[in-house]
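Engineer: no sequence on this one, just coordinates:
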């Protein structure tokens, strides 16, 4: 298992979702990635994308200007 | 047991694509959604910028559709290749700068590439004959199938019985008799079907899901091209055109006046990206000092923010 970070700051939804989707596609099941965003819409969109695609949101942190969403990569099917 | 056939559904986030995908799921087809982000979409970020409907949770409607149906959704960034569609549409523009026919052909073509790469069998859309004046007419729908290269791999479940048989129907992957024969702009049949399925919170965007169909937006885009002297754009251009009131004091200068705090915050996000961004209060701009207009810089390096509508 490895831990990664994705900088999706200054991007508006759905771009953070797209960046997260592309990053997750390169990871292995069980890997963890922190997605750092400035668009608070990501707090809804990334968890929704995770639920749909079988990944797990293990943590969300709202730091004011930035939000960090931590995803654990699920199996592809 | 044989594997179910697989369809990629173009999911805009609206009711028609929701219903089209649902009809396929009901026939045992494995459906996954594709949503293309062109930069002009009236989605997610647009709601995030404006303060209106603050009480309503912001959501991406395509994701909501996928979750409602229990299908996967693949959101695909097509910002760069889509430029050719907007800048040089082979079939021209609609009432505004909306290249709807080229756009639909482009998206179906991209979906065709996707199904070929991912081992899917066919493509479905929520198109209905006669619903849109440009891309959803009896005479233009075959153009989309032909020019996209999808041919008879493109199935429109909501109006399929009014169209020639496609491969999924001919091969028996789907039952044509269980497809629909909707036509025209009347939305009542779709609304009734949604009620039947228990879908009650679907999106109903007043002007469709694309800013290019909006007259005011198209006017600002045309103004950008005219004053730049070239017909080009990048993502920041088209994002900024969605925000605030736009004033052009000089050909090489543009003022963007925010209408509320949401737009103020959005414009402030550009502070780090541009060398000159002046955030002035509405009072100082309108009542105390008059801008000298000496900041003759690239047109949108000056962003003025104000808390009240400019009259």
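Structural biologist: Ah, there it is. On a predicted model such as this, the values are computed, not experimentally measured, just so you know. Numbers count the residues shown, from 1 in each chain, chains lettered A, B, ... in the order given.

Engineer: low-confidence stretches in chain A?
Structural biologist: For chain A, the stretches flagged by pLDDT under 70 are A:76-77.

Engineer: strands of that one, residue ranges please.
Structural biologist: A:3-8, A:32-37, A:56-62, A:67-72 (DSSP state E).

Engineer: nearest to chain B, out of those strands?
Structural biologist: Closest approach to chain B among the strands of chain A is made by strand A:32-37 (10.9 Å; CB to the nearest CB). Backbone N, C-alpha and C define where each C-beta goes, glycine included.

Engineer: run me through the strand neighbours of that closest one, direction for each.
Structural biologist: In the sheet, strand A:32-37 lines up against strand A:3-8 (parallel), strand A:67-72 (antiparallel) (DSSP bridges).

Engineer: coming back round to it: let's have the strands of chain A in a markdown table, adding mean neighbour count.
Structural biologist: A markdown table is the format used below for the strands of chain A (neighbours: other CB atoms under 10 Å in any protein chain shown):
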| stretch | mean neighbour count |
| --- | --- |
| strand A:3-8 | 15 |
| strand A:32-37 | 20 |
| strand A:56-62 | 13 |
| strand A:67-72 | 20 |
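
Engineer: span of stretch B:155-173 from start to end?
Structural biologist: Using CA to CA, to the nearest Å, one end of stretch B:155-173 lies 11 Å from the other.

Engineer: in it, what counts as buried?
Structural biologist: Neighbour-count burial for stretch B:155-173 flags B:155-163, B:166, B:168-169, B:173 (criterion: 16 or more other CB atoms under 10 Å in any protein chain shown).

Engineer: also stretch B:170-185?
Structural biologist: B:173-174, B:179-180, B:182-183.

Engineer: can you give me how far it is from the chain middle?
Structural biologist: Relative to the chain's own centre, stretch B:170-185 is displaced by 26 Å; criterion: CA atoms, centre = their mean, to the nearest Å.

Engineer: got the contact list for residue 72?
Structural biologist: In the absence of a named chain, chain A is used. A:30-32, A:55-58 (CB atoms under 8 Å, 6 or more residues apart in numbering or on different chains).

Engineer: think we crossed wires, I meant chain B
Structural biologist: A:52-53, B:32-33, B:66.

Engineer: mind telling me what element the residue nearest to it when sequence neighbours are not counted is part of?
Structural biologist: Once flanking residues are discounted, residue B:72 sits nearest to residue B:32: 4.5 Å by CB to CB, 6 or more residues apart in numbering or on different chains. Element membership for residue B:32, per DSSP states H and E: strand B:30-37.

Engineer: around residue B:232, count how many other residues there are.
Structural biologist: 11 (other CB atoms under 10 Å in any protein chain shown).

Engineer: just residue B:80 next, same as before
Structural biologist: 10.

Engineer: pull up the gap between it and chain A, please.
Structural biologist: According to CB to the nearest CB, to the nearest Å, residue B:80 and chain A sit 13 Å apart.

Engineer: so that residue, which of the three states?
Structural biologist: helix (DSSP: H, G, I helix; E, B strand; the rest coil).

Engineer: next, work out how far apart residue B:85 and residue B:64 are.
Structural biologist: 26 Å (CB to CB, to the nearest Å).

Engineer: which of the buried residues of stretch B:155-173 fall within helices?
Structural biologist: Judged by DSSP state H, helices contain the following of these: B:168-169.

Engineer: which pair of the buried residues of stretch B:155-173 spans the longest distance?
Structural biologist: Based on CB to CB, the longest span within these runs between B:162 and B:173 and measures 19.4 Å.

Engineer: and the stretch 101-250 of chain B, which residues reach chain A?
Structural biologist: residue B:239 (CB under 8 Å from any CB of the partner chain).

Engineer: which residues of the stretch 101-250 of chain B score low on pLDDT?
Structural biologist: In the stretch 101-250 of chain B, residues with pLDDT under 70: B:133-135, B:205-208.

Engineer: picking up where we left off before, contact partners for the residue nearest to residue B:72?
Structural biologist: B:6-9, B:71-74, B:120.

Engineer: wait, residue A:40 touches residue A:68, no?
Structural biologist: No - applying CB atoms under 8 Å as the test, residue A:40 and residue A:68 come out as separate, 11.7 Å apart.

Engineer: excluding covalently adjacent residues, which one is nearest to the closest residue to chain A within the stretch 101-250 of chain B?
Structural biologist: Closest residue of the stretch 101-250 of chain B to chain A, CB to the nearest CB: residue B:239 (6.8 Å). The shortest distance from residue B:239 to any non-neighbouring residue, by CB to CB, 6+ apart, is to residue A:12 (6.8 Å).

Engineer: so the one you found touches residue A:39, yeah?
Structural biologist: Yes - with contact defined as CB under 8 Å, residue A:12 counts as touching residue A:39 (5.1 Å).
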